[in-house]
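Novice: just a sequence and a predicted model for now, questions to come.
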Amino acid sequence: MLFSCSQFNPSISLLTIQEDGGWSAPKSAMIGGAGVNNAGEPPFEIRGFSLGNLIVIGGILITVLSFAEYLSDGGSEGLNISGLGFVYGIPVILAGAALKYAEIEPVPCYTTPEADAIFEDKGTEIIKKIKQDVTRHRYGDEAHLDTTVKKLGLVVPGKAYPQLKELRQDRDENGELAFTMVWQSLDTPYKMWADEKRRSKYETFFGPNVGADVVKIDAEQRLVGIRLTTGGKKVAAVAAPASEATV
């Protein structure tokens with residue numbers, strides 16, 4: 001049976017890319033206008049609910065309560081609390097709607113109790129940070145891990161970003177963690193994902209100490225996965241010399 005592996009974690013989990021092409025956690029969140037940092041993120045991590053929905057509902061409540069108070073006052077003159085509600089309620093609703101428009105839903109993570117135990121025991125720091133980052137609402141990005149697919153050369157110029165759809169956790173035949181990120185890639189062809197030089201780059205980019213495979217999940221729906229396996233890089237099979245080949 002599969003379970004969702006989203007977990008609450010109150011710590012900041014923003015991810016940035018190092019100059020050498022790997023992942024690193026930022027030292028701080030730089031706050032910009034409207035309480036959003038320069039990476040398009042809120043200044044704190046939000047899990048389990050949509051910030052956009054919360055703000056919209058808050059704005060509606062302010063407006064409705066203000067309107068109810070206005071009617072109960074019988075149209076009394078002067079600026080009272082109901083008037084302030086009208087002043088602030090509508091802008092709050094609009095702000096929430098704008099945030100909702102820029103919102104990316106968290107992706108589901110499919111796992112088993114055995115895979116959860118292996119994840120906790122053998123999951124690398126980068127794998128754990130990726131899981132933490134994409135299983136929460138994000139704001140202002142093109143897609144989950146949009147900088148990742150761009151850095152890896154998986155975005156066709158002028159086309160849409162591949163969309164991360166789910167995570168999968170499993171135990172491989174060697175008892176290692178198999179962590180698969182599944183994208184819907186409508187515009188980026190599979191051969192770009194599976195190019196051997198790029199596959200080798202995945203091991204460095206998401207490393208250290210991981211191997212990487214590209215898995216064709218569903219050709220009709222254009223689903224492709226990058227499967228990371230703990231325990232070190234994949235060792236390419238080397239063909240035996242002709243003189244040593246078995247006849």
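Specialist: That came through, no problem. If you're wondering where the values come from, they're calculated on a predicted model, not measured in any experiment.
Novice: so where's the protein shaky on pLDDT?
Specialist: Residues of the chain meeting the criterion pLDDT under 70: 1-50, 52, 70-71, 73-86, 101-102, 234-247.
Novice: could you export stretch 216-226 as CSV, CA atoms only?
Specialist: Extracted in CSV, the C-alpha atoms of stretch 216-226 (Å, rounded to 0.1, in the frame of the first residue of the first chain):
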residue,chain,number,x,y,z
LYS,A,216,10.0,6.4,-19.1
ILE,A,217,6.9,6.4,-16.9
ASP,A,218,4.1,6.9,-19.4
ALA,A,219,4.8,7.7,-23.0
GLU,A,220,1.2,8.7,-23.8
GLN,A,221,1.1,11.2,-20.9
ARG,A,222,4.7,12.3,-21.5
LEU,A,223,5.7,11.3,-18.0
VAL,A,224,9.5,10.8,-17.3
GLY,A,225,11.3,10.2,-14.1
ILE,A,226,14.8,10.9,-12.7
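Novice: so which bits of that stretch are buried?
Specialist: For stretch 216-226, burial by neighbour count (16 or more other C-beta atoms under 10 Å) applies to Ile217, Arg222, Leu223, Val224, Gly225, Ile226. C-beta here means a position set from N, CA and C on the backbone, and glycine is covered the same way.
Novice: farthest-apart pair in the residues you listed, please.
Specialist: The span of the buried residues of stretch 216-226, defined through C-beta to C-beta, is set by Arg222 and Ile226 at 14.6 Å.
Novice: this structure: helices as residue ranges?
Specialist: For the chain, helices defined by DSSP state H occupy the ranges 51-72, 81-101, 113-122, 125-134, 146-151, 190-194, 196-205.
Novice: now tabulate those in CSV and tack on distance to Gly140 and mean neighbour count.
Specialist: Below are those laid out as CSV (distance: least, C-beta to C-beta, whole Å; neighbours: other C-beta atoms under 10 Å):
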stretch, distance to Gly140, mean neighbour count
helix 51-72, 12, 16
helix 81-101, 9, 16
helix 113-122, 29, 15
helix 125-134, 14, 20
helix 146-151, 10, 18
helix 190-194, 26, 15
helix 196-205, 23, 16
